[in-house]
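*Asks:* what shape does this take:
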Amino acid sequence: VKLCMNMGLDPNGEVAQEGLQWARRKQHYAVVEYLLLQSMSGGTANKVVDDCNTMWREDGVLRAFVDEMKAMSPPEYDKFAARMIGIVHALIKKRHPLNSFLLNLCMTLDTAATWSAVQTAMNAIIKNTGDAVG
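*Replies:* Residues are numbered from 1 along each chain as shown. Down below sits the predicted model:
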């Protein structure tokens, strides 16, 4: 399906409609959703796929990073983990830009504390919407 879209298949054209009907009959619901999403706005489905691929790669990087951290001695690991968590929590508190890798790393290292930091920042934004970033 992605190949057809990349080759310029009109998602509202006859061929795509036949493909949509075939996917429904064969119960290939992921293909149905992809074609419908693509027909609503050009490129949106490809963006979703690209974002999923990015998250998949980031997950592999995250696992490798945490595995390397585990190779440290316990005191080094604890010190490094605490420092990483502290930095990311400070970024959250100050509402600085933060990428998904850093947030996911901290969620892996200390889910409860990281979620608490995110929730505190969200509650502050809700209480004072004029203070929101963006």
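*Asks:* so where's this structure uncertain?
*Replies:* Along the chain, segments meeting pLDDT under 70 span 1-17, 19, 35, 37-56, 129-134.
*Asks:* recalculate using a threshold of 50.
*Replies:* Under the criterion pLDDT under 50, the flagged ranges of the chain are 134.
*Asks:* can you classify residue 89 by secondary structure?
*Replies:* helix (DSSP: H, G, I helix; E, B strand; the rest coil).
*Asks:* who are the contact partners of it?
*Replies:* 106, 113, 114, 117 (Cβ atoms under 8 Å, 6 or more residues apart in numbering). Every residue, glycine included, has its C-beta placed from N, CA and C.
*Asks:* just residue 59 next, same as before
*Replies:* residue 104.
*Asks:* that one is in what secondary structure piece?
*Replies:* helix 44-70 (DSSP states H and E).
*Asks:* likewise for residue 82?
*Replies:* Assigned by DSSP H and E, residue 82 falls in helix 74-93.
*Asks:* angle of the following helix or strand past that helix against helix 74-93?
*Replies:* As assigned by DSSP H and E, the chain's next helix or strand after helix 74-93 is helix 100-109. Orientation check (axes from the mean of the first three to the mean of the last three Cα atoms, to 10 degrees): helix 100-109 against helix 74-93 gives 130 degrees.
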